[in-house]
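K.L.:
sharing a model prediction with you, sequence too.
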Amino acid sequence: MKPEYTEIPLIKNDALQQFEITIDGYKAFIKFHETPGHFTLIHTEAAPELEGKGAGTAVVEKTLEYIAQSNKTLIPLCPFIFAYIKRHPEWKKQVAPEFKGFND
């Protein structure tokens, strides 16, 4: 994540079922479904004004950190998050055991 994004807070918006960050007045977010044991991460999106600026990566990293601190697992249905975890296998430990999408 870009250093200038480290202090931007992650908001868990339960009403919209999304994790969000705001950069320069624009949002990047991840749609989720929460159960008592895990989060299913469904879709990642950044405002067009944020494309190519690392906002998607920032919201993914902040969301993964939040999930880890919550002692929950995740199911990465979103292709962007799935690809991020493939590139950063240290996050596979947060993936729910029932998710069989990674061929280890």
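P.N.:
Thanks, I have it.
K.L.:
where does pLDDT dip in the chain?
P.N.:
By pLDDT under 70, the low-scoring segments of the chain are 103-104.
K.L.:
hmm, 80 instead?
P.N.:
1-2, 102-104 (pLDDT under 80).
K.L.:
max-length helix in it?
P.N.:
helix 55-69 (DSSP state H).
K.L.:
what about whichever helix or strand comes after that one, distance to the chain center?
P.N.:
Sequence order places strand 73-76 as the next helix or strand after helix 55-69, per DSSP states H and E. Relative to the mean C-alpha coordinate of its chain, strand 73-76 is positioned 10 Å out (Cα atoms, centre = their mean, to the nearest Å).
K.L.:
other residues contacting the longest helix of the chain?
P.N.:
1-2, 5, 8, 10, 12, 19-21, 23, 26, 28-30, 32, 39, 41, 44, 46-47, 50, 73-74, 80-81, 84, 91, 94 (Cβ atoms under 8 Å, 6 or more residues apart in numbering). All C-beta atoms are positioned from the backbone trio N, CA, C, and that covers glycine.
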